[in-house]
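1. Structure, please.
(one chain, ligands or ions: 1)
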Amino acid sequence: MPVRLLGLNCSPRDNSNSSIMLETAFEKLDAVYPGATEHETIHLRDLHIEPCKACNVCGKTKAGKYIPCVRVDEDDVQQVLDAMVAADGILVATPVYFGLPSDLFVKFIMRTRPLRHQDFRLANRPVGVLATAGRRSGGAETAILATWLPFVRNGCLVVGNGDATCQFGAYGWAGGRGQILTDEWGLEQAFQTAERVYTLAKVIKAGAEATGFVSPMKFSYTSGTR
Ligand SMILES: Cc1cc2nc3c(=O)[nH]c(=O)nc-3n(C[C@H](O)[C@H](O)[C@H](O)COP(=O)(O)O)c2cc1C
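-> Numbering: from 1, shown residues only. Have a look, this model is predicted:
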């Protein structure tokens, strides 16, 4: 069975550097590991995404029944959550805004809270980040680290580029739409990060299939509270 990878493009603009980073990474994965992965990219800009309204309803009942987000029928978020759960690994591409991931990413990722409350349905998914900044040292690193945080809270495993350079993901350097095509090293890092996600996803999937081991992560409202 191929490893299923999901790309999340978090740029609000068309023909974005972020989408090119994802496309290039997936194309090279296909070339290096033919038939090893199945991948799809979701462009958040194409979807209707309402913000989390902090109603605290999502989660599970005392009887262990999962309660979805109250906005489940109001917008397109559930389809992305389903795709994340179905994926073996996730690759996030975001533009760098003020040293952070895009506001589109932040708005979306808050809506993954039901998955955490549903006994960490994203547990053990490897996640890599491809960040593009207009300036050299323009904050790609801080944006990657900030993108990692909600995934760690979701029980995911974050990866870097796996190269001797030991970077935390891909640091694209491009301003205008499509300019990333001239950033050969940034695109190479995008592939390296995708390769790390693929490698880890493959090992975790094979281990789970061979042993039947199920993540023991359980959500509780009382753990760590007073
Ligand atoms: C609101 C906003 C904030 C930005 N902040 C930064 C920044 O902090 N550092 C930087 O180097 N570039 C910054 N940029 C430039 C973008 O990161 C750059 O244009 C990038 O290529 C956009 O990627 P995209 O094509 O995937 O949308 C900013 C752009 C916008 C619109």
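2. helices and strands of the chain: which one bottoms out on pLDDT?
-> None of the helices or strands of the chain scores lower by mean pLDDT, DSSP states H and E than strand 59-60, at a mean of 84.
3. so what does it touch, helix or strand wise?
-> Applying 3 or more C-beta pairs under 8 Å, 6 or more residues apart in numbering; DSSP states H and E, one finds that strand 59-60 contacts strand 66-67, helix 113-117. For the C-beta atoms, the positions are set from N, CA and C on the backbone; glycine is no exception.
4. Neighbouring strands - and their directions - for that strand?
-> According to DSSP bridges, strand 59-60 has the following sheet partners: strand 66-67 (antiparallel).
5. contacting residues around the partner strand?
-> With contacts defined as C-beta atoms under 8 Å, 6 or more residues apart in numbering, strand 66-67 is touched by 57-61, 114, 118.
6. For PyMOL, write the select line for the buried members of those.
-> To isolate the buried ones among the contacts of strand 66-67 in PyMOL, judged by 16 or more other C-beta atoms under 10 Å, type:
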select buried, resi 58+59+60+114+118
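7. Among the contacts of strand 66-67, which one sits closest to the ligand?
-> Of all those, the ligand sits closest to Pro114, with 27.5 Å by C-beta to the nearest ligand atom.
8. so the closest one sits right up against Cys58, yeah?
-> Yes - in this structure, Pro114 is within contact of Cys58 by C-beta atoms under 8 Å, at 3.8 Å.
9. Touching both of these two, which residues are there?
-> Counting by C-beta under 8 Å, 6+ apart, the residues touching both Pro114 and Cys58 are 67-69.
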